[in-house]
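S.K.: Quick one, what's the 3D model for this:
(one chain, ligands or ions: 1)
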Amino acid sequence: MRAVVCHNAELDVSERPEPVPGKGQVRIEVLRCGICGSDLHARHGIDQWADLAARAGYERFGRSSDELVFGHEFCGQVAEHGPKTRKTLPAGTPVVAVPLIRGTHGGVDTVGLSPHAPGAYAEQMVVEESMMMPVPNGLGSDVAALTEPMAVAWHAVRRGEVGKRTVAIVIGCGPVGLGVILMLKAQGVRTVVASDYSAGRRALAGACGADVVLDPAQDSPYTAAGGRGHLNDIPSALELAVGTREKLERLPFGWWHAWRLGEKLGAAPKHPVIFECVGMPGVIESIIDGAPLFSRVVVVGVCVGSDQFTPAMAVNKEIDLRFVVGYTPLEYRDTLHMLAEGELDPSPLITGTVGLDGVEPAFTALGSPEVHAKILIDPRSTATEPAAAGPG
Ligand SMILES: [Zn+2]
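M.R.: Modelled structure (predicted):
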């Protein structure tokens with residue numbers, strides 16, 4: 001079978017033996033696979049990732065000297081069951097799968113980022129049967145392949161604990177930021193502000209449902225949604241503290257009873273939830289500098305290198321800084337069903353489709369943010385340039 005192999009940062013289409021499903025595994029025929037920003041980074045920077053993973057006790061990550069087949073955002077159809085499988089889904093069933101498999105050497109491998117778990121930049125691949133789910137409701141393979149990146153967005157939004165009336169601000173409108181915008185709107189969040197320097201990405205943010213879209217070179221994303229009761233500086237927080245105390249002074253009973261009751265009823269300064277979807281050095285610091293007091297910041301962008309910010313700035317504003325990664329199998333399953341039930345439509349993200357021979361040009365095209373967001377690989381396609389996708 002044909003596959004795109006990455007070896008020492010070179011991508012080459014080569015002929016490889018058809019994978020054989022091990023115990024509890026299923027071979028699937030790949031229908032679509034998304035090219036992820038992390039694949040672009042892994043091509044040149046996987047050794048740095050492997051070192052970081054090792055620091056967290058995970059030694060099974062791929063290295064640049066390995067022969068790697070990327071691809072963890074995929075949709076396929078069941079082709080062959082390995083030994084000791086339940087075989088509940090017959091051959092031909094369209095499926096997606098959480099990209100984790102139980103390796104033969106013990107431990108769990110990340111599909112598409114480990115030499116022990118080749119990914120979906122290929123005609124065929126192996127998935128873990130327990131991680132595999134049927135694609136419901138006739139959902140097209142283009143959108144089904146986006147289950148994985150949309151699950152990342154779903155996890156981030158859940159960790160953000162965004163109420164419908166909370167202002168959500170999305171910094172960076174690449175595929176991750178666009179996914180977050182789609183999920184926020186699917187959850188009924190009324191005001192989603194999207195910020196990106198690229199005009200092309202701002203247009204996509206609007207297509208994904210962002211209510212306010214702006215260029216941070218021109219406008220501040222932190223004031224774009226209006227005051228909304230946010231505290232934008234220290235004087236307003238001090239004024240709130242003293243002013244509230246003065247108001248409660250007029251009550252005929254102890255002010256502390258009223259204050260405590262207010263807290264129990266959830267009275268608290270309003271704050272936005274800000275999603276960092278860029279992953280470049282300096283972005284967290286710029287968010288802390290610009291954000292209203294008490295903002296919650298959810299870091300979804302993956303900055304692999306060192307970064308710095310001034311803790312006292314975050315302390316003064318009592319910034320709630322959260323970092324998120326991946327999703328649970330339940331979040332993955334729920335995302336698949338949200339897509340299949342039409343609760344959100346990520347098709348604006350899909351800006352092109354290529355065959356295996358088009359992967360290298362697609363990587364180049366994704367280097368510029370103006371035209372492309374998500375390029376899909378269709379292993380049966382002969383397209384060598386990421387032409388616009390047809391209806392999938
Ligand atoms: Zn990804």
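S.K.: And for residue 272, the neighbour number?
M.R.: By other CB atoms under 10 Å, 23 other residues sit near residue 272. For every residue, glycine as well, the C-beta is placed using N, CA and C.
S.K.: residues in contact with it?
M.R.: Residues near residue 272 by CB atoms under 8 Å, 6 or more residues apart in numbering: 166-169, 193, 222, 225, 228, 230, 291-292, 295-296.
S.K.: ok, now residue 279?
M.R.: 172, 300-304.
S.K.: Please apply the same query to residue 345.
M.R.: Contacts of residue 345 by CB under 8 Å, 6+ apart are 143, 182.
S.K.: isn't residue 333 right up against residue 132?
M.R.: No. Using CB atoms under 8 Å, residue 333 makes no contact with residue 132, being 10.9 Å away.
S.K.: The two: who's more crowded?
M.R.: Shown here are residue 333 and residue 132; by other CB under 10 Å, residue 132 has more neighbours (20 against 16).
S.K.: Now which of the contacts of residue 272 would you call buried?
M.R.: 166-169, 193, 222, 225, 230, 291-292, 295-296 (16 or more other CB atoms under 10 Å).
S.K.: Nearest to the ion among those?
M.R.: residue 168 (21.6 Å; CB to the ion).
S.K.: The one helix or strand the closest one maps to: how far from the chain's middle?
M.R.: Counting by DSSP states H and E, the element that carries residue 168 is strand 167-171. From the chain centre to the centre of strand 167-171 is a distance of 15 Å (CA atoms, centre = their mean, to the nearest Å).
S.K.: Which strands or helices does the helix or strand following that strand pack on?
M.R.: Downstream of strand 167-171, the first helix or strand assigned by DSSP H and E is helix 175-186. Judged by 3 or more CB pairs under 8 Å, 6 or more residues apart in numbering; DSSP states H and E, helix 175-186 is in contact with helix 147-160, strand 167-171, strand 191-195, helix 199-207.
S.K.: Is any residue of helix 175-186 near the ion?
M.R.: No. Using CB under 5 Å from the ion, we find that helix 175-186 stays clear of the ion, coming within 8.3 Å at best.
S.K.: what angle do that helix and helix 147-160 make?
M.R.: 60 degrees (axes from the mean of the first three to the mean of the last three CA atoms, to 10 degrees).
S.K.: And the contacts of helix 175-186?
M.R.: By CB under 8 Å, 6+ apart, helix 175-186 touches 36-37, 146, 149-150, 152-154, 156-157, 162, 168, 170-171, 173, 192, 194, 196, 201, 204-205, 208-210, 275, 277-278, 300-301, 338, 343-346, 348-349, 373-374.
S.K.: just the angle between that helix and strand 167-171, please?
M.R.: Going by the same axes, to 10 degrees, helix 175-186 makes 170 degrees with strand 167-171.
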